[in-house]
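In: missing the sequence, but the structure's below:
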């Protein structure tokens, strides 16, 4: 898209009284882009009055890369329909010389395209990826290895716990004091309940959340309620309990700056514009890959074990490791049998693949729990689509957004909270900036509690 066309669309959205100042600024920017590309200027462009907000940039910086940088920011202004003249100028001039990450740790446009292809089709083979990219399988394989080594790219499984008759329960809490938090952590470290998933504390060490996979049967519910009663009596000041019904994973590179390897969300201008875009242009946002928990299936101890052992890595090459782990637990299966079981679990929706990656500019992990009315959940979930990388959990009483916060973008959390608090039907928001946790607890050792004959869990005190 030509920068002239983008500039015309931007100017058309701005109010008449602000248009002349912005037009002067954008005309200067277009002249710099032409100079950076060594394109000839018209007589009018050579004589056009300079704008001090932009003309001071060194001629040494007029390169093709800089031209692409400015055009990328213009594209963001256009995409999010930012109509305030001063905010357009703020976004285009703020921190344009951001300290870049090393070149090898910046995602280039081709790598981003690969990530987006894998986001849509997580188990895409190198051959099929090569066809989509118009390259050779060997080149595609090489690029995948680079992403794996530099950005920890991998395809992993999420489990549909309801398929295994487990209710995915989460409890957001605030303790009575930091001392109560220490005691709560020590309690879980000592007992390590079999169906505990994770215990996370906020940076102030007085709030956080606990997730359990509770056997979805009367005794499981009674044990869970009993555990909650104990925690409320001894540790919690407040708590919110919810049952998770599904998960979606969103990835957005709209605000990614290829020149520096950072996201532009450190600017309140772009974060506010992106959130407004999510509220008003839901039809224009592609739906994120989503897992909706479904009805339970008939399964064996081996099926449950294979599902749990495959969560770390979704590629078939893991079947050798799974075979070894099964043998340690008394089950001897051929690799082809394991692979067939994995395929069956995928086909029935018990295992759902998604692509995971990290970047140097991801500096912290934040969770937002939004208690809200049913009608607000879709819009709130869409807001996560403006974030670089986010997991959205839909639950009975609200939505949880877990997201990687990019470096220098701390304001995005506050922007999200303010935007979400204005949404109709929102009754409570809990913010958990991950400070520490017990780590993911594997449920592999719960396999022998499964009664295959009666298709139920055999529970004991202390399991939850």
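Out: Arrived safely, thanks for sending. Source: prediction; values computed, not measured.
In: Please make it C-alpha for all contacts and neighbour counts, starting now.
Out: Noted.
In: The helix or strand hosting residue 321: what's the following helix or strand?
Out: Residue 321 belongs to helix 319-328 when elements are defined using DSSP states H and E. On the C-terminal side of helix 319-328, the nearest following helix or strand under DSSP H and E is helix 335-347.
In: residues of that following helix that come out buried?
Out: Using 16 or more other CA atoms under 10 Å as the test for burial, helix 335-347 gives 335, 338, 339, 341, 342, 345, 346.
In: Next: stretch 282-297.
Out: When burial is assessed from 16+ other CA under 10 Å, stretch 282-297 yields the following buried residues: 288, 289, 290, 291, 293, 294, 296.
In: and that stretch, how far apart are its ends?
Out: Using CA to CA, to the nearest Å, the span of stretch 282-297 from its first residue to its last is 34 Å.
In: Which residues does it contact?
Out: With contacts defined as CA atoms under 8 Å, 6 or more residues apart in numbering, stretch 282-297 is touched by 119-120, 160-165, 245-250, 278, 349, 352, 379, 382, 385.
In: buried subset of the residues you listed?
Out: 119-120, 160-165, 245-250, 278, 349, 352, 382, 385.
In: what number of residues lie near residue 34?
Out: Counted with other CA atoms under 10 Å, residues neighbouring residue 34 total 18.
In: That one contacts residue 46, correct?
Out: No. Taking CA atoms under 8 Å as the contact criterion, residue 34 and residue 46 are not neighbours in contact, 11.2 Å apart.
In: which one of the buried residues of helix 335-347 is nearest residue 401?
Out: Minimum separation from residue 401 among the buried residues of helix 335-347 (CA to CA) is found for residue 346, which lies at 25.1 Å.
In: From what I see, that closest one and residue 352 are in contact.
Out: Yes. A contact is recorded between residue 346 and residue 352 when judged using CA under 8 Å, the distance being 6.5 Å.
In: which residues does residue 153 contact?
Out: For residue 153, the set of contacting residues under the criterion of CA under 8 Å, 6+ apart consists of 144, 147, 355, 356, 357, 358.
In: mind running it again at 7 Å?
Out: By CA atoms under 7 Å, 6 or more residues apart in numbering, the contact set of residue 153 is 147, 356, 357.
In: what kind of secondary structure is residue 143 in?
Out: In the three-state summary, residue 143 is assigned as helix, counting by DSSP: H, G, I helix; E, B strand; the rest coil.
In: follow-up on the earlier one: for the helix holding residue 321, which positions count as buried?
Out: Within helix 319-328, the residues that qualify as buried by neighbour count (16+ other CA under 10 Å) are 319, 322, 323, 325, 326.
In: Stretch 403-415 now?
Out: For stretch 403-415, by 16+ other CA under 10 Å, it's 403, 404, 405, 406, 407, 408, 409, 412, 413.
In: which of these has the weakest pLDDT?
Out: Of all those, the model is least confident about residue 408, whose pLDDT is 74.
In: neighbours around the residue nearest to that residue when sequence neighbours are not counted, how many?
Out: On the basis of CA to CA, 6 or more residues apart in numbering, the spatially nearest residue to residue 408 that is not a chain neighbour turns out to be residue 266, at 5.5 Å. Using other CA under 10 Å, residue 266 has 19 neighbouring residues.
In: Likewise for residue 233?
Out: When counting by other CA under 10 Å, one arrives at 9 neighbours for residue 233.
In: ok, and what's touching the helix or strand it falls within?
Out: When secondary structure is defined using DSSP H and E, the element that contains residue 233 is helix 218-234. Contacts of helix 218-234 from elsewhere in the structure, counted by CA under 7 Å, 6+ apart, are 214, 464.
In: Same question for that helix: list its buried residues.
Out: For helix 218-234, using 16+ other CA under 10 Å, the buried residues are 220, 223, 224, 228, 231, 232.
In: Can you give me the distance of residue 166 to residue 213?
Out: Residue 166 sits 6 Å away from residue 213 when distances are taken as CA to CA.
In: Same drill for these two, tell me which one is more crowded.
Out: The residue with more neighbours, out of residue 166 and residue 213, is residue 213; 23 against 19, by other CA under 10 Å.
In: residues touching that one, list them.
Out: Taking CA under 7 Å, 6+ apart as the test, what residue 213 contacts is 166, 167, 168, 169, 195, 196, 197.
In: Apply 6 Å and report the result again.
Out: For residue 213, the contact set (CA atoms under 6 Å, 6 or more residues apart in numbering) comprises 166, 167, 168, 195.
In: what's the angle between the helix or strand hosting it and helix 218-234?
Out: Residue 213 is located in strand 207-215, with elements delineated by DSSP H and E. Angle of strand 207-215 versus helix 218-234, following axes from the mean of the first three to the mean of the last three CA atoms, to 10 degrees, is 160 degrees.
In: Now do strand 207-215: distance to the chain's middle.
Out: Averaging C-alpha positions (CA atoms, centre = their mean, to the nearest Å) puts strand 207-215 20 Å from its chain's average.
In: ok, it: who's next to it in the sheet?
Out: Listed by DSSP bridges, the sheet partners of strand 207-215 and their directions read strand 166-175 (antiparallel), strand 196-202 (antiparallel).
In: quick one: average pLDDT of the longest one?
Out: What that stands for is strand 166-175. In this model, strand 166-175 has an average pLDDT of 97.
In: in the helix or strand following it, what counts as buried?
Out: Following strand 166-175 in sequence order, the next helix or strand is helix 178-191 (DSSP H and E). Buried residues in helix 178-191, defined by neighbour count with 16+ other CA under 10 Å: 180, 181, 184, 185.
In: What are the neighbouring residues in contact with the second one?
Out: Applying CA under 6 Å, 6+ apart, one finds that residue 181 lies in contact with residue 206.
In: Any figure for the gap between it and residue 349?
Out: Taking CA to CA as the measure, residue 181 and residue 349 are separated by 37 Å.
In: circling back: what's the angle from the helix holding residue 321 to helix 335-347?
Out: 100 degrees.
In: Need the contact partners of helix 319-328.
Out: For helix 319-328, the external contacting residues (CA under 6 Å, 6+ apart) are residue 335.
In: And it, how far out from the chain middle?
Out: Relative to its parent chain, helix 319-328 has a centroid offset of 31 Å by CA atoms, centre = their mean.
In: Helix or strand with the lowest mean pLDDT in the protein?
Out: Least confident helix or strand of the chain, by mean pLDDT, DSSP states H and E, is helix 268-280 with a mean of 79.
In: Quick check: next helix or strand after that helix?
Out: strand 290-292.
In: Give me the mean pLDDT for that next one.
Out: Mean pLDDT, taken over the full extent of strand 290-292, equals 94.
In: before we move on, what about stretch 243-256?
Out: Stretch 243-256 shows an average pLDDT of 93 in the prediction.
In: coming back round to it: inside strands: which ones of the contacts of residue 153?
Out: Taking DSSP state E, the ones among the contacts of residue 153 that sit in strands are residue 356.
In: Give me the ChimeraX select line for the contacts of residue 153, limited to the buried ones.
Out: Provided next is the ChimeraX selection string for whichever of the contacts of residue 153 are buried by 16+ other CA under 10 Å:
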select :147,356
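In: Could you dump the contacts of residue 153 into a markdown table with distance to residue 17 and pLDDT added?
Out: Below are the contacts of residue 153 laid out as a markdown table (distance: CA to CA, whole Å; pLDDT from 0 to 100):
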| residue | distance to residue 17 | pLDDT |
| --- | --- | --- |
| 147 | 48 | 93 |
| 356 | 47 | 91 |
| 357 | 45 | 91 |
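In: Understood, closing this out.
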